[in-house]
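S.K.: Okay, sequence plus prediction incoming.
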Amino acid sequence: MNEYFSLSEEVADALADRRPVVALESSGVVHGLSYPLNLDTALDIDKTIRAGGAVPARTGIVDGRFVVGMSEEQVALFATTPDVPKVSTRDIGPTLAGGGHGGTTVSAALIAAAQVGIDVFAVAGIGGVHFGAERSFDISADLVEFTRHRIAVVCAGAKSLLNPALTMEYLETLGVPVVGYRCDDFPAYYSVSSGVRNPRRIDDLTELVDAIRLHWAVGNDGGFLVTHPIDELDALPADEVYALVREVQAEAEATGVQGPAMTPYILSRVSAATQGRTAAANRSVLLSTSAVAAEVAVALRERS
Ligand code: PSU
Ligand code: MN
C-alpha cells in the first residue's frame, strides 16, 4: 500500500478482505450544493453505498494528507469551508507539500483510488469537453485520467455545462468504453438525456461487469464509463438547462472567469437561476449513481 495515503480503518479492512469499495470525490462537497444540503447529501451517499453492500471511500486532501475514507468530521469541515481549493491531477503534489486541504476532482480522486486498489468510482457528472473548447481548449483532466487507471466510473454522463457530443468524441479517441446501464442515451447530469447516444447499452448486471472485466483482461489499462440517468421525476428539461448554461457561460467569459473556476461558477449560477430545482436534481442524481456504483462494485467482486 502506498505510504502517502491515509486510509480509514473501514476502507483498509474492506480492501484487505477484498470486499467491494466505491471511491468518491470531495470537490462536489465543497463547491457543489450549499450547506447543510451538501453535508446531508454526502452522508446519504455513504448510506446508499453501504445499503448496496459496498464501503464508501471519499477522497480528499486534509492537512497535507491524502485521505481515502474521509471521516464525518472531515466531510463536515469541507462542507462548511468554501475556500477549500479544488484539486485536480496537477495540483496534488503542491497541495500535499503545502500542508493544506484540497477537494478532489474526479481526476485527483481516481489517482488515490487506483493507488490503494479501488476499482469502482461514483460521481454524478464527469468533467469533459466544454462548449467553446475549440477556442478555450478547456477540456477536463478527468478525461485524461480515465486512460490511466483500471477503474469503472459510474456517472450520469457529463456535467450539464459540457458539450456532450465533443465529450463523447474525445472519450472515443482515448479508447474509453461508454456503456449505458439500462439506458440508450448519454445522460446530462440534471437531465435524462444529453441528446447523444451511448455507443452501447447493457441491461444485465452480470454482462456489464463482464464487459468491464474483459476490457481489462485483454490488457487495457484505462477506465470504463458506466452511465445511468437521473430519476425522471427529479430531472430538469435538457433544453432549459442547456439554454441557461449558454447564457451563464457567455456572462462568465465576459467577466473573465476561466480555467478551474469555470465549472464551479457555471454550476452555482445555474443552480441560483433555477431556484434550487437543480439542487434537488443534484441530490437525486448523486444518490442514484451511488446506488448503481455499489451494485457494480458488488457484482465485480463476485465475478473476479
Ligand atoms: N462539482 C462542483 N464543482 C466542481 C466539481 C464538481 O460543484 O468543480 C468538479 C468535479 O469533481 C469534476 C471537476 O471532476 O469539477 C471538473 O472540473 P474541470 O472542468 O475544471 O476539470
Ligand atoms: Mn477546465
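M.R.: Everything's here; your move. Numbering: from 1, shown residues only. Ligands and ions are numbered 1, 2, ... in the order given.
S.K.: Got phi/psi on the nearest residue to residue 163 once chain neighbours are set aside?
M.R.: Distances taken as Cβ to Cβ, 6 or more residues apart in numbering place residue 131 nearest to residue 163, at 4.8 Å, with adjacent residues excluded. Where you see a C-beta, it was placed from the backbone N, CA and C, and this is true even at glycine. Residue 131 adopts backbone torsions of phi -60, psi 140, taken as degrees, to the nearest 10.
S.K.: so where do the strands sit in the stretch 1-150 of the chain?
M.R.: 5-7, 21-24, 55-62, 65-68, 86-87, 102-104, 120-122 (DSSP state E, counting those that start in this stretch).
S.K.: just the stretch 151-300 of the chain next, same as before
M.R.: Ranges of strands in the stretch 151-300 of the chain, per DSSP E, counting those that start in this stretch, are 152-155, 178-181, 185-188, 191-197, 200-202, 224-227.
S.K.: Of all those, which one comes closest to ligand 1?
M.R.: Ligand 1 lies closest to strand 152-155 among these, at 9.9 Å (Cβ to the nearest ligand atom).
S.K.: neighbouring contacts of that closest one?
M.R.: For strand 152-155, contacts defined as Cβ atoms under 8 Å, 6 or more residues apart in numbering pick out 106, 110, 119-126, 146, 181, 212, 223-228, 289, 292-293, 296, 300.
S.K.: That one pairs with which strands, and in what direction?
M.R.: strand 120-122 (parallel), strand 224-227 (parallel) (DSSP bridges).
S.K.: Pick the most buried one from those.
M.R.: strand 120-122 (a mean of 30; mean count of other Cβ atoms under 10 Å).
S.K.: correct me, but residue 131 touches residue 161?
M.R.: Yes - proximity of residue 131 to residue 161 meets the contact threshold set by Cβ atoms under 8 Å, at 7.3 Å.
S.K.: Same drill for the two, tell me which one is more crowded.
M.R.: In terms of neighbours (other Cβ atoms under 10 Å), residue 161 is the more surrounded of residue 131 and residue 161; the figures are 27 against 19.
S.K.: What about the more buried one? Give its phi and psi, please.
M.R.: phi -90, psi 0.
S.K.: hmm, back to that, would you turn the strands of the stretch 151-300 of the chain into CSV with distance to residue 216 and mean pLDDT?
M.R.: Putting the strands of the stretch 151-300 of the chain into CSV (distance: least, Cβ to Cβ, whole Å; pLDDT from 0 to 100) gives the following:
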stretch, distance to residue 216, mean pLDDT
strand 152-155, 9, 98
strand 178-181, 14, 98
strand 185-188, 22, 98
strand 191-197, 25, 98
strand 200-202, 16, 98
strand 224-227, 8, 98
